[in-house]
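Asks: return a 3D structure for these sequence lines:
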Amino acid sequence: IGFLAIVGGSAIFQYMFLAGGGGHVVARSMGGRDISKETNHEVVQMVRELANKARIPTPAVYIIPTQQMNAFAAGMNPKNAVVAVTEGIMARLNHEELKAVIGHEIGHILNGDCKTGTQMAVAIAGFSSVAWMGLRLIQFKSMQSFMGGGRQQSHSSKSQKEKSSGIDPVLLAGIGIIVLGGVLYLGGNLLKASISREREYAADATAVALCDGRALASALLKISYVAQKQPEAAMPAASSALYSHLYISPTPMPFFGGLNSLMATHPPTAKRVKAIREASSNLLPAPKAPAAPAA
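Replies: As a prediction, the model looks like this:
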């Protein structure tokens, strides 16, 4: 119980920390540079234009130092939200494509996805901490036995049940905590992936309403192609995988092996592009009826 209380307390502290710092905390953890005051910067102007169009406060703008083509929005509410783009995506997309990607991120802020995504990240971090604490408990007990603590304990009074089983209750507790943490971590990731896939479609639809849907479809295809050709490019910081569901482009998940389809935080690019093109065609004006021939 004590271990779980520590884990719960640390999760609450992390949540409050993110609530205070908003998306700035996430962007800075990846080495992001705040360019919000560079009013003449192309990306800053795009963010301001689209935020005004969406009628939300203009979020801060960060550039992430990596060649991976990616972008994300983060924050607990529109007032402390940020939009971040990588150096790689700025270098490879044209003006309209980059604007459409930013429109997608503005869509996440407008739709309230950033808060949900941050809450899921904190919860999953807490679940992994449970397993970590169980591992540390086993390591502590093993070290204690190695240093002689276990031998000293063997000469102390024990219950007949402990003697007959030969299994230390502390080790059992550690194993149980690891299993519990693993189950919670797996379940949390399944829930995160399911919610995230739906929110990606919604953000794409918002981007189509704010920008050129054809440019967004083109951008997604470029991002997918480059990701396959340049798999070594990665988002910086060890915690970046924790926020992978916030990215416009999914990151590889080799850890889950055959469960990748269930753990995928993004729909397949082909399905997203199809939905975007269908939504874009619905926004096009209906063709005018041909003029009646002159009498």
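
Asks: from now on I want contacts and neighbour counts done on CA atoms only, so please keep to that.
Replies: OK.

Asks: which parts of stretch 183-199 are buried?
Replies: Across stretch 183-199, burial judged by 16 or more other C-alpha atoms under 10 Å covers 184-186, 188-190, 192-197, 199.

Asks: tally of neighbours for Gly176?
Replies: Close neighbours of Gly176, defined as other C-alpha atoms under 10 Å, add up to 14.

Asks: brain fart, Ser128
Replies: Neighbours of Ser128 (other C-alpha under 10 Å): 20.

Asks: for it, what are its contacts?
Replies: 181-182, 185 (C-alpha atoms under 8 Å, 6 or more residues apart in numbering).

Asks: from the residues you listed, which land in helices?
Replies: The members of the contacts of Ser128 that map onto helices under DSSP state H are 181-182, 185.

Asks: which residues touch the nearest residue to Val101 once chain neighbours are set aside?
Replies: Distance criterion C-alpha to C-alpha, 6 or more residues apart in numbering; nearest residue to Val101, sequence neighbours excluded, is Leu216 at 6.2 Å. Contacts of Leu216 were listed using C-alpha under 8 Å, 6+ apart, and they are 97, 100-101, 204, 207-208, 276.

Asks: what about 7 Å?
Replies: Counting by C-alpha atoms under 7 Å, 6 or more residues apart in numbering, Leu216 touches 97, 100-101.

Asks: and of the ones in helices among the contacts of Ser128, the nearest to Val61?
Replies: Tyr185 (31.3 Å; C-alpha to C-alpha).

Asks: tell me who's in contact with the residue lying closest to the closest one once chain neighbours are set aside.
Replies: The shortest distance from Tyr185 to any non-neighbouring residue, by C-alpha to C-alpha, 6+ apart, is to Phe127 (5.1 Å). The contact partners of Phe127, taken as C-alpha under 7 Å, 6+ apart, are 181, 184-185.

Asks: show me the shaky parts of the chain.
Replies: Counting by pLDDT under 70, the chain contains low-confidence residues at 1-20, 141, 144-167, 231-234, 237-241, 251-261, 283-295.

Asks: which stretches in it count as strands?
Replies: 33-34, 60-64, 71-74, 82-86 (DSSP state E).

Asks: in TSV, list these along with distance to Tyr247 and mean neighbour count.
Replies: Shown next, in TSV, are these (distance: least, C-alpha to C-alpha, whole Å; neighbours: other C-alpha atoms under 10 Å):
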stretch	distance to Tyr247	mean neighbour count
strand 33-34	17	16
strand 60-64	12	24
strand 71-74	5	28
strand 82-86	9	27
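
Asks: can I get those in JSON lines including distance to Pro250?
Replies: Output for the strands of the chain, formatted as JSON lines (distance: least, C-alpha to C-alpha, whole Å):
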{"stretch": "strand 33-34", "distance to Pro250": "22"}
{"stretch": "strand 60-64", "distance to Pro250": "16"}
{"stretch": "strand 71-74", "distance to Pro250": "10"}
{"stretch": "strand 82-86", "distance to Pro250": "14"}
